[in-house]
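Peer 1: sequence and predicted structure, then a few things I'm wondering about:
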Amino acid sequence: MSDASSTPLTILVLVKHVPDAQFDRHIDQSTLRMDRSESILSELDEYAVEAALAIAEERGGPKAGNQVIAATMGGPKAVGSIKKALQMGATSGLHLNDETLAGSDATATSRALAALVKYAGNVDLVVTGMASTDAETAVVPAQLAERLEFAALTNASRVEFDSAASALTISRDHGSESLKLSASFPAVLSVTDQANEPRYPNFRGIMAAKKKKTEEVTAADLGLDASAVGAAGSGTEVVSAEARPARTAGTVITDNGQAGIALVNYLAEQKLI
């Protein structure tokens, strides 16, 4: 019987190419979809990459046969998110690139990602961020666990890995309370921005990433029917979108000795007190 602690792990970390939060978001009125021309790796996914790398390193890292596959779905530019993950230390990339995926809501996305995980092979652990910084639904990790029939360890603020038992224990914080959950592999793990401190790609990592391979696959490669993904496979639909109205000038209260009373009256009129 083989020792569990010596068996290499295959970890798949999901990363997403999202609009840069430093810029205003825009909706393409012709498609009613978000403009993704200025996109980067989702900041919350950097914590997922760090968690995946830390677990693999606890088991001996790539030298011991442990793999961290950075996977994404999206158009050609989405490969940029994989590139960043490879620079951080992921061992390879997997890019689901197919026009039929455009317009997928959370349900269709989890369906496609579940097929991508199965395509990757015998995956022991799927790691995600707590949410994407564009849609912020935070439901895909749980949906993915259900589709894969994996244990769901979501919204982890702390992660403890038992290398010998191939098991995870997480802490999920709720205000002043903390809930501990444990599960063995296979599992889906989603981490919050409190779980760790993501590493910065160093020069060695950037150079090493150039030699790492990224495989590109289509929906057909995964056995996905076009009607099951994209707008056709989604249960939600965007019917209209408008630009946010410009901010109007606020109310200025000049202190002439009665500013306190004027402020209270204003708050009362706005039903704020």
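Peer 2: That came in fine, so what should we check first? Nothing here was measured: the structure is a model prediction, and the numbers come from that model.
Peer 1: A strand includes R172, no?
Peer 2: Yes - residue state for R172 (DSSP: H, G, I helix; E, B strand; the rest coil) corresponds to a strand.
Peer 1: bridge partners for it, pull those for me.
Peer 2: L179 (DSSP bridges).
Peer 1: can you show me the strands along the stretch 101-250 of the chain?
Peer 2: Remark: strands assigned in the stretch 101-250 of the chain by DSSP state E, counting those that start in this stretch are 125-129, 151-156, 158-162, 167-174, 177-184, 187-191, 214-217.
Peer 1: now these in JSON lines, with mean pLDDT?
Peer 2: Supplementary listing: those in JSON lines, determined by pLDDT from 0 to 100:
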{"stretch": "strand 125-129", "mean pLDDT": "96"}
{"stretch": "strand 151-156", "mean pLDDT": "95"}
{"stretch": "strand 158-162", "mean pLDDT": "92"}
{"stretch": "strand 167-174", "mean pLDDT": "91"}
{"stretch": "strand 177-184", "mean pLDDT": "92"}
{"stretch": "strand 187-191", "mean pLDDT": "96"}
{"stretch": "strand 214-217", "mean pLDDT": "96"}
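Peer 1: can you tell me which of those strands comes nearest to L144?
Peer 2: Between L144 and those, the shortest gap by C-beta to C-beta is with strand 187-191, which sits at 5.4 Å. C-beta: built from backbone N, CA, C; applies to glycine.
Peer 1: so which elements touch the closest one?
Peer 2: Applying 3 or more C-beta pairs under 8 Å, 6 or more residues apart in numbering; DSSP states H and E, one finds that strand 187-191 contacts helix 43-58, strand 125-129, helix 140-148, strand 151-156, strand 167-174.
Peer 1: cutoff 10 Å now
Peer 2: strand 10-14, helix 43-58, strand 125-129, helix 140-148, strand 151-156, strand 158-162, strand 167-174 (3 or more C-beta pairs under 10 Å, 6 or more residues apart in numbering; DSSP states H and E).
Peer 1: which of the ones you listed sits most buried?
Peer 2: When the helices and strands packed on strand 187-191 are scored by mean count of other C-beta atoms under 10 Å, the highest mean neighbour count falls to strand 125-129 (a mean of 28).
Peer 1: about what we covered before: include distance to E242 when you put the helices and strands packed on strand 187-191 into CSV, please.
Peer 2: CSV is the format used below for the helices and strands packed on strand 187-191 (distance: least, C-beta to C-beta, whole Å):
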stretch, distance to E242
strand 10-14, 31
helix 43-58, 27
strand 125-129, 29
helix 140-148, 27
strand 151-156, 32
strand 158-162, 41
strand 167-174, 36
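Peer 1: quick one: which of the ones you listed is nearest T107?
Peer 2: helix 140-148 (6.7 Å).
Peer 1: only C-alpha atoms, please: export that closest one in PDB.
Peer 2: What follows is helix 140-148, C-alpha atoms only, in PDB (Å, rounded to 0.1, in the frame of the first residue of the first chain):
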ATOM      1  CA  VAL A 140     -19.000  29.000  -8.900                       C
ATOM      2  CA  PRO A 141     -16.800  27.200  -6.400                       C
ATOM      3  CA  ALA A 142     -19.800  25.500  -4.700                       C
ATOM      4  CA  GLN A 143     -21.400  24.800  -8.100                       C
ATOM      5  CA  LEU A 144     -18.200  23.300  -9.300                       C
ATOM      6  CA  ALA A 145     -17.900  21.000  -6.200                       C
ATOM      7  CA  GLU A 146     -21.400  19.800  -6.800                       C
ATOM      8  CA  ARG A 147     -20.800  19.000 -10.400                       C
ATOM      9  CA  LEU A 148     -17.600  17.200  -9.700                       C
END
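Peer 1: just how off-centre is that helix within its chain?
Peer 2: 13 Å (C-alpha atoms, centre = their mean, to the nearest Å).
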